[in-house]
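[1] structural data only, the sequence is not supplied:
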């Protein structure tokens, strides 16, 4: 009996020591876990700050990229509109030119022009050669200047297209950088960050404390078992001859290995929780390092004189140049449409020219008739006055000394009437040409009347 009690006592003591050692390890684990919990809170705050800052900067870059794409898209629409407008304008110019080429100048106008040049200008040879080559209204315009202006307009549209292409290149380059940055952001183990550090630590510490409480209960039971075995030993030693029932102690003794194993299992769970917290801390450190690198890269991009600053400078320069080119384009289009309108007016004015020539011819004929009538009346008046003076002289002048009033011997004054310029030849416009010109001018005036006034 004594030997058996000694064996149980020694085993109980060793089990208690083992249990205490295991619990001490568990306590150290809880201290480590508490330290990791504090670190996790600090790390979490940094990660949240970096994450939000990174999101903000990436969103800014995305907005800038979208703005560039939108601007380039608007430019594409502007270019298509201007190209269509230039096509319509070019067609209108060509149609106007074709109409002017078909509008031949009346031959008699050309003849009178040539005669006029021969009598009123110097360098007659070159002038005559120039005018003999001009047979239509088109020959009198500077069509090359119009074509040059059309080319300048097309060049300006190409320049705007180059600006659009530059914007597309900027957007593509920025998109590539964004993809790289977003890929770096996605590489973070964000699932581990979905749960706050505080929630994670509380959950882990709660589970750990439950295991520690369980281990404390086990240690208490080992202590009680050891105390009970010690008390039994004392009783036996004081009354060795009496029977002592140690069946309960023996049963407890048989379960001690299971209890120690249970403690080991709890310790393992406590250690696992500590390692989970250590792993989370290590994960936070890795994520923080990656975030810090991405943060630094974004800071570099956004620094003064950095890539983002360069993008803003280029956008400002492009915007200024674009506005200038739009103004130039609008001016070119205004001038070209003005020329088209002017050439239309030019063609109509030629019709009015033929009508004006005919009107002046009529006036010229009327003036000639009036001049002839005036000359006849003045001549009759002169003859009548001369006859009366001769009659006076025969009756009275012969008796008067010649030096009394010598001015009375002067002949009567004459009236000279003439046209200035004299003999100005006007072309003779055919009746057919006059009818056609009259019809076109009437149609033009009717269209002008029906056109709404702006």
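    Here it is on my side, so go on. Here the structure is a predicted model, which means the values were calculated and not measured.
[2] quick one: pLDDT of residue 161?
    pLDDT recorded at residue 161 is 96.
[3] that one: what's it in contact with?
    residue 79 (C-beta atoms under 8 Å, 6 or more residues apart in numbering). For every residue, glycine as well, the C-beta is placed using N, CA and C.
[4] roughly how far apart are it and residue 370?
    Note on residue 161: its distance to residue 370, by C-beta to C-beta, to the nearest Å, is 68 Å.
[5] same deal with residue 47?
    Residue 47 is 109 Å from residue 370, by C-beta to C-beta.
[6] these two: which has the busier surroundings?
    A side-by-side neighbour count of residue 47 and residue 370, using other C-beta atoms under 10 Å, places residue 47 first with 21 against 11.
[7] pretty sure that one sits in a helix.
    Yes - assessed with DSSP: H, G, I helix; E, B strand; the rest coil, residue 47 lies in a helix.
[8] residue contacts, it?
    By C-beta under 8 Å, 6+ apart, the contact set of residue 47 is 193, 284, 287-288, 291.
[9] out of those, the closest to residue 28 would be?
    residue 284 (22.3 Å; C-beta to C-beta).
[10] and the closest residue to the closest one other than its chain neighbours, how far from residue 360?
    Leaving aside its sequence neighbours, residue 284 sits nearest to residue 43 (C-beta to C-beta, 6 or more residues apart in numbering; 4.0 Å). Distance from residue 43 to residue 360, counting by C-beta to C-beta: 102 Å.
[11] just checking, residue 54 touches residue 293?
    No - proximity of residue 54 to residue 293 does not meet the contact threshold set by C-beta atoms under 8 Å, at 10.7 Å.
[12] of these two, which one has the most company?
    Neighbours around residue 54 and residue 293, counted as other C-beta under 10 Å, are more numerous at residue 54. The numbers are 19 against 11.
[13] now the more buried one: how far from residue 183?
    Distance from residue 54 to residue 183, by C-beta to C-beta: 13 Å.
[14] cool, and residue 84?
    Distance from residue 84 to residue 183, by C-beta to C-beta: 42 Å.
[15] enumerate every residue touching residue 293.
    With contacts defined as C-beta under 8 Å, 6+ apart, the neighbours of residue 293 are residue 184.
[16] the strand or helix carrying it: how far from the chain's middle?
    Residue 293 belongs to helix 247-302 when assigned by DSSP states H and E. Taking C-alpha atoms, centre = their mean, to the nearest Å, the mean C-alpha location of helix 247-302 is offset from the chain mean by 55 Å.
[17] again with stretch 352-364
    Per C-alpha atoms, centre = their mean, the displacement of stretch 352-364 from the mean C-alpha position of its chain is 58 Å.
[18] next, the buried residues of that stretch.
    352-355, 357-358 (16 or more other C-beta atoms under 10 Å).
[19] same question for stretch 72-79.
    Neighbour count says stretch 72-79 has 72, 75, 78-79 buried, by 16+ other C-beta under 10 Å.
[20] with stretch 88-101 instead?
    Judged by neighbour count (16+ other C-beta under 10 Å), stretch 88-101 contains these buried residues: 89, 92-93, 96-97, 100.
[21] nearest to residue 432, of those?
    Closest to residue 432, out of all of those and judged by C-beta to C-beta, is residue 100, at 20.1 Å.
[22] residue 153 contacts residue 83, correct?
    No - using C-beta under 8 Å as the test, residue 153 is too far from residue 83 to be in contact (10.2 Å).
[23] between those two, which has more neighbouring residues?
    Set side by side, residue 153 and residue 83 show more neighbours around residue 153, with 22 against 14, by other C-beta under 10 Å.
[24] OK, contacts around the more buried one?
    86, 89, 329, 332-333, 336.
[25] from these, which land in helices?
    The helices, defined by DSSP state H, take in 86, 89, 329, 332-333, 336 from the contacts of residue 153.
[26] show me the residue sitting in the middle of this structure in space.
    Taking C-alpha atoms, centre = their mean, the centroid of the chain lies closest to residue 71, which sits 1.9 Å from it.
[27] and the angle from the helix or strand hosting that residue to helix 247-302?
    Using DSSP H and E, residue 71 falls within helix 2-102. Orientation check (axes from the mean of the first three to the mean of the last three C-alpha atoms, to 10 degrees): helix 2-102 against helix 247-302 gives 20 degrees.
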